[in-house]
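Novice: Return a 3D structure for these sequence lines:
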Amino acid sequence: MATHAVTNQPPPRVDLDEFAANIPLAEGVDRHDAGWARADLAAVGRLVGSAGFQRDAELANVHEPELRAFDRWGNRIDEVEYDPSYHRVLGEAVAAGAHTSAFAEPCPGANVARAAAFMLFAQGEAGHACPVSMTHAAVPAIVASASPDLAATWLPRLLSREYDSALGAGKRSALFGMAMTEKQGGSDVRANTTMAVPDGDGRHLLTGHKWFCSAPMSDAFLVLAQTASGLSCFLVPRVLDDGSRNVFAIQRLKDKLGNRSNASSEIEFDGTVGHLLGEEGRGVRTILEMVNRTRLDCILGSAAGMRQSVAEAVWHVRHRSAFGARLIDQPAMTAVIADLALESEAATAVALRLARAHDDDATDAERAFRRLATAVTKYWVCKRGPGHAYEAMECLGGNGYTEAFPLARRYREQPVMAIWEGSGNVIALDVLRALQREPETLEAFDGELAAARGVHPGFDAHHDAVRATVAALARTDPLDAQAAVRPLVASLALALQASLLLRHAPDAVGEAFVDARLGDARGALYGELPPAARAAIPALVARA
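Specialist: Below you'll find the model as predicted:
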């Protein structure tokens, strides 16, 4: 029947090379010494752009994980059952080294290549990125633990590109999860009440309740618990060396806003075996590098989500017509797409710059830079994600609001990046702590900004204002400083993004970012580009 003829609907956005299509990502890979990974990243780009992968991403979120606390006979098994699609997605990410390739094969640009692969997979399906990220972040904690036995047992498994979803002893590969927070403390992990007591066999036995434990089917977990010496970090395996199950009672799965394909749970320890990781009583110090790595992955995940949002929006408006013209050719829509692309490009640029600072050849200055810049960027980029996803969803109109298209899922997904590993106030206070106690981090950060001076007067003025605010903050009462730090963190983040785009993006893009985002122009609503930035619209749309 004629009423069922489909017209003026975009074709499926499938079977594309998502790496080649993402011009800022491909340019950043080359710029930050990871051009040697282009062939592998192109293969990942084709995989995640395929119809099959996109279908798996959808199915993994439609058929959500289910808790199987008991088997049919009443034996406690504490397992989570995932749809096979989730295992296919996670297995492909592990095979591509999106988890630990930078540690398995360290070289200049290794973390950039790994970051790009992680972003491509997270662009297609976000939930599986949680265990991928936690496995990546567990490596430096184990390396720094000074425990040769733990390192010999677990590092080869962590660095493996095999994927085995079953719980069991003798596996050649492993994924890691984390169980840090408790209901009474949240980010204040020093308020944890889970206790660990030595059992006389070089092990500890843990008793307590964890409020959030993501990816509970992982092979092992990093866990914070109290000992006689204070808060300590432990490696808790799901399966013991003799093949028996460690005590790991999954109380319930969290019913979350987004991140539905990834199970998050509450768990109970009751005489659970754990191995001390690092020095007793120094648990927070043991996990510091781990936290920095997962914060970086929050940035990567947010940037990946922005890229998906832009890609879906621009695909729709290039194929859809209204009021006698293609949407992309209508100035109001073109301005929105350009502004969304500008935000996405800035997030990608800073994400890859930070990844490069995490490589093994990082100098002391680079390490100082990443200490402050990771926190600053995590605060800002992750906060921008939800609004960005919403505006892109609006470009699709009613289609965007349905579950048949991926942007509804992305809109629910983006807020978790701003909450995980420290929500806004936690991150802002960490920035304040770095400014007050680690002056070398500010010096390195300011040097990165200063490299772009003289290119655009608007940037120079913003940089001057940031310097003045930081200096004034040092003279401010500590409580007043806490109240004032959030706007400063935002200004620092915007300055860093502007510096990178002015130096590395096409001139029109860098200048547009300064005009649209610095000073009083914070881009609260997309598509409201100031006159000075509108000249960049064609270049931004072409790169979208």
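
Novice: Counting residues, which strand of this protein comes out longest?
Specialist: strand 264-277 (DSSP state E).

Novice: so what secondary structure elements neighbour that one?
Specialist: strand 204-214, strand 220-227, strand 230-237, strand 249-253 (3 or more Cβ pairs under 8 Å, 6 or more residues apart in numbering; DSSP states H and E). Where C-beta positions appear, they are placed from N, C-alpha and C, glycine not excepted.

Novice: right, so of the ones you listed, which gets closest to Ser165?
Specialist: Among these, strand 220-227 comes nearest to Ser165, with 14.7 Å by Cβ to Cβ.

Novice: Output the closest one as CSV, nothing but the C-alphas.
Specialist: Provided in CSV are the C-alpha atoms of strand 220-227 (Å, rounded to 0.1, in the frame of the first residue of the first chain):
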residue,chain,number,x,y,z
ALA,A,220,39.4,-10.4,40.7
PHE,A,221,38.7,-7.1,42.4
LEU,A,222,40.6,-4.3,44.0
VAL,A,223,39.0,-3.7,47.4
LEU,A,224,39.5,-1.2,50.2
ALA,A,225,39.2,-2.5,53.8
GLN,A,226,40.3,-1.4,57.3
THR,A,227,43.2,-3.2,59.0
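
Novice: buried set for it?
Specialist: 220-227 (16 or more other Cβ atoms under 10 Å).

Novice: can you give me the offset of it from its chain's centre?
Specialist: Counting by Cα atoms, centre = their mean, to the nearest Å, strand 220-227 is centred 23 Å from the centre of its parent chain.

Novice: Report the mean per-residue pLDDT for that strand.
Specialist: Averaged across strand 220-227, pLDDT comes to 97.

Novice: hmm, who's touching it?
Specialist: 138, 141, 154, 174, 176-180, 189, 192-197, 204, 206, 208, 210, 213, 231-238, 269, 274, 277, 280-281, 283-284, 287, 290 (Cβ atoms under 8 Å, 6 or more residues apart in numbering).

Novice: Kindly report the same for stretch 278-292.
Specialist: Contacts with stretch 278-292, where a contact means Cβ under 8 Å, 6+ apart, come from 137-138, 140-141, 144-146, 178, 180, 189-190, 222, 224-225, 227, 229-233, 277, 370-371, 374, 421-422.

Novice: same deal with stretch 355-365?
Specialist: Contacts for stretch 355-365 (Cβ under 8 Å, 6+ apart): 32-33, 102, 106-112, 114-115, 293, 296, 300, 366-367, 369-370, 373, 440, 444, 447.

Novice: what's the answer for stretch 44-54, then?
Specialist: Here stretch 44-54 makes contact (Cβ under 8 Å, 6+ apart) with 12, 14-22, 89, 92, 96, 98, 117, 120-121, 123-125, 406.

Novice: Please indicate which of these are buried?
Specialist: Taking 16+ other Cβ under 10 Å as the criterion, what is buried in the contacts of stretch 44-54 is 16-19, 21-22, 89, 92, 96, 98, 117, 120-121, 123-125, 406.

Novice: if you look at the residues you listed, which of them are in helices?
Specialist: Counted as lying in helices by DSSP state H, out of these, are 18-19, 21, 89, 92, 117, 120-121, 123-124, 406.

Novice: Just name the closest of those to Ala490, please.
Specialist: Of these, the one sitting nearest to Ala490 (Cβ to Cβ) turns out to be Gln123, at 25.1 Å.

Novice: got the contact list for the closest one?
Specialist: 18, 48, 304-305, 307-308, 311.

Novice: Throw those into a markdown table and include secondary structure, thanks.
Specialist: Formatted as a markdown table, the contacts of Gln123 follow (DSSP: H, G, I helix; E, B strand; the rest coil):
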| residue | secondary structure |
| --- | --- |
| Glu18 | helix |
| Val48 | helix |
| Ala304 | helix |
| Gly305 | helix |
| Arg307 | helix |
| Gln308 | helix |
| Ala311 | helix |
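
Novice: want to throw those into JSON lines with distance to Asp515 and pLDDT?
Specialist: Shown next, in JSON lines, are the contacts of Gln123 (distance: Cβ to Cβ, whole Å; pLDDT from 0 to 100):
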{"residue": "Glu18", "distance to Asp515": "30", "pLDDT": "98"}
{"residue": "Val48", "distance to Asp515": "34", "pLDDT": "98"}
{"residue": "Ala304", "distance to Asp515": "26", "pLDDT": "98"}
{"residue": "Gly305", "distance to Asp515": "25", "pLDDT": "98"}
{"residue": "Arg307", "distance to Asp515": "23", "pLDDT": "98"}
{"residue": "Gln308", "distance to Asp515": "26", "pLDDT": "98"}
{"residue": "Ala311", "distance to Asp515": "25", "pLDDT": "98"}
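
Novice: Show me the one in these that has more neighbours than the rest.
Specialist: Tallying neighbours with other Cβ atoms under 10 Å puts Ala304 at the head of the contacts of Gln123, with 33 neighbours.

Novice: How about the contacts made by that one?
Specialist: 118-120, 122-123, 126, 129.

Novice: Go again with 6 Å.
Specialist: 119, 122-123 (Cβ atoms under 6 Å, 6 or more residues apart in numbering).

Novice: same deal with Ala34?
Specialist: Taking Cβ under 6 Å, 6+ apart, one finds 109, 112-113 in contact with Ala34.

Novice: quick one: which two of the buried residues of strand 220-227 are the most distant?
Specialist: Applying Cβ to Cβ across the buried residues of strand 220-227, the maximum distance is between Ala220 and Gln226, 20.2 Å.

Novice: how near is His87 to Glu81?
Specialist: The gap separating His87 from Glu81 is 11 Å, by Cβ to Cβ, to the nearest Å.
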